[in-house]
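Undergrad: Following is a predicted model, sequence given first.
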Amino acid sequence: MKQDNKKQVVISDSSLNSYGFRVLTGGIDLTQYRRNPILLWMHTRPFRGTTDEVLPLGHVEDLHIDGDSLIGTPVFDETDEFARRVKAKWNAGVLKMVGAGLRVIEESTDPEVLLQGQRFATVTKSKLIEVSIVDIGANDNAIALYNEKNQIINLALSKGEIFLTPITNPLTSIQMDVKQIALALGMPETATEQEVLQKAAQLREDASEVVRLRKEAQDRQNEAIVALVDGAISEGKFTADKKDHFVELGKKVGLVSLKETLELITPAKRPSNFIQPANTPATVEYKTLSDVPTDKLEALRKEQPEQYKTLYQKEYGIMPEMND
């Protein structure tokens, strides 16, 4: 059988089809089909035994799964006139699509395998029976389902009454979630999904602003803590090697508590605080001029003139002459 212009094509994937359900690619059993990889026209099988029936077009080669897609290459029977005509249109690109004929093994209405708008359960496990060239294809109208007797079910005429479990309201759980979220956000339960999303976006912006303001406030407080500790060091309350300790303490207890703690620390007395520098006159406070020892009177007059004047005026009622 001579074959040219072989083209790979997607036979099935897990997207939602026009009948309101979907077939999981990973759940398709290819074992039986690999033994008999038949290629039909529009899922049509010859049952009547008459000459006008469409016989199989050929077979499918290189059947494999790539990601979420079941892929194969149609090979046409060159000995059949109708198959040659279909092949010519296939090679010309007039016909481009194929469809999968499947028997359902297992289905599920678990929300994890449902998509928005789905009306029937998801086929989680199935068996590939045949592959067909179709005029209107992809997953929208190319899917065909077979029953246990290998009889094809006409989905177009069944008005959705197929043996998959119907989903009466696939969006109920989603709508309930929106209602609960709206109430949690302080919105009326009648809020639309768009209004809830806008509210959530606003809350995210507000939260970001709060985080920014908190960071700025913390940075300012840390700067104030460092300044307070530096001030305590300059006052001699503790040495610079203790700076990190008091800064970390301030970050834990806060600025106010740190300030109160530092106020309780008395600056260390240096020896210089107790030693009178040489040539520095001692300052002695006298109540009256008579209290001043005679040998100290002249020194008081020269070294502490203001005190001398005050005591003199208090003693004699007049200001002394201070010419020298």
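TA: Structure's in. What do you need?

Undergrad: burial of G58, as a residue count?
TA: If you count neighbours by other Cβ atoms under 10 Å, G58 ends up with 23. (Each C-beta comes from the backbone N, C-alpha and C, glycine too.)

Undergrad: Could you check how far it is from F76?
TA: To F76, G58 is 4 Å away according to Cβ to Cβ, to the nearest Å.

Undergrad: Identify the contacts common to the two.
TA: L39, A83 (Cβ atoms under 8 Å, 6 or more residues apart in numbering).

Undergrad: E195: which element?
TA: Here E195 is covered by helix 193-234, with elements defined by DSSP states H and E.

Undergrad: which element follows that helix toward the C-terminus?
TA: Of the helices and strands lying after helix 193-234 in sequence (DSSP H and E), the nearest is helix 243-253.

Undergrad: Now that next one: buried residues?
TA: Judged by neighbour count (16 or more other Cβ atoms under 10 Å), helix 243-253 contains these buried residues: F246, V247, L249, G250.

Undergrad: Equivalent analysis for stretch 16-30, please.
TA: Across stretch 16-30, burial judged by 16+ other Cβ under 10 Å covers L16, N17, Y19, G20, F21, R22, V23, L24, T25, G27, I28.

Undergrad: what's that stretch in contact with?
TA: 12-15, 63, 65, 68-70, 100, 102, 105-106, 113, 115, 117-128, 139-141, 143, 155, 160, 162, 164.

Undergrad: State the mean pLDDT of it.
TA: Regarding stretch 16-30, the rounded mean pLDDT is 90.

Undergrad: Export it to PDB, keeping only CA atoms.
TA: What follows is stretch 16-30, C-alpha atoms only, in PDB (Å, rounded to 0.1, in the frame of the first residue of the first chain):
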ATOM      1  CA  LEU A  16     -14.400  20.600  26.800                       C
ATOM      2  CA  ASN A  17     -16.400  19.300  23.800                       C
ATOM      3  CA  SER A  18     -19.600  20.700  22.300                       C
ATOM      4  CA  TYR A  19     -21.700  18.100  24.100                       C
ATOM      5  CA  GLY A  20     -20.700  19.400  27.500                       C
ATOM      6  CA  PHE A  21     -18.300  16.800  28.700                       C
ATOM      7  CA  ARG A  22     -14.600  16.000  28.300                       C
ATOM      8  CA  VAL A  23     -12.400  12.900  28.100                       C
ATOM      9  CA  LEU A  24      -9.100  12.800  30.000                       C
ATOM     10  CA  THR A  25      -6.300  11.900  27.600                       C
ATOM     11  CA  GLY A  26      -4.300  10.200  30.300                       C
ATOM     12  CA  GLY A  27      -7.200   7.800  31.000                       C
ATOM     13  CA  ILE A  28      -7.600   6.500  27.400                       C
ATOM     14  CA  ASP A  29      -6.700   2.800  27.100                       C
ATOM     15  CA  LEU A  30      -5.000   2.300  23.700                       C
END
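
Undergrad: pull the helix or strand with minimum mean pLDDT from the protein.
TA: Here the helix or strand of the chain ranked lowest by mean pLDDT, DSSP states H and E is helix 138-142, holding a mean of 52.

Undergrad: how about the helices of this structure, start to end?
TA: All helices of the chain, identified by DSSP state H, fall at 31-35, 81-92, 138-142, 172-184, 193-234, 243-253, 255-263, 294-303, 305-316.

Undergrad: quick one: buried residues of the first one?
TA: The neighbour-count criterion (16+ other Cβ under 10 Å) identifies Y33 as the buried residues of helix 31-35.

Undergrad: Skip the chain neighbours and tell me the closest residue to D80.
TA: Leaving out its chain neighbours, the residue that sits closest to D80 by Cβ to Cβ, 6 or more residues apart in numbering is L55, at 6.0 Å.
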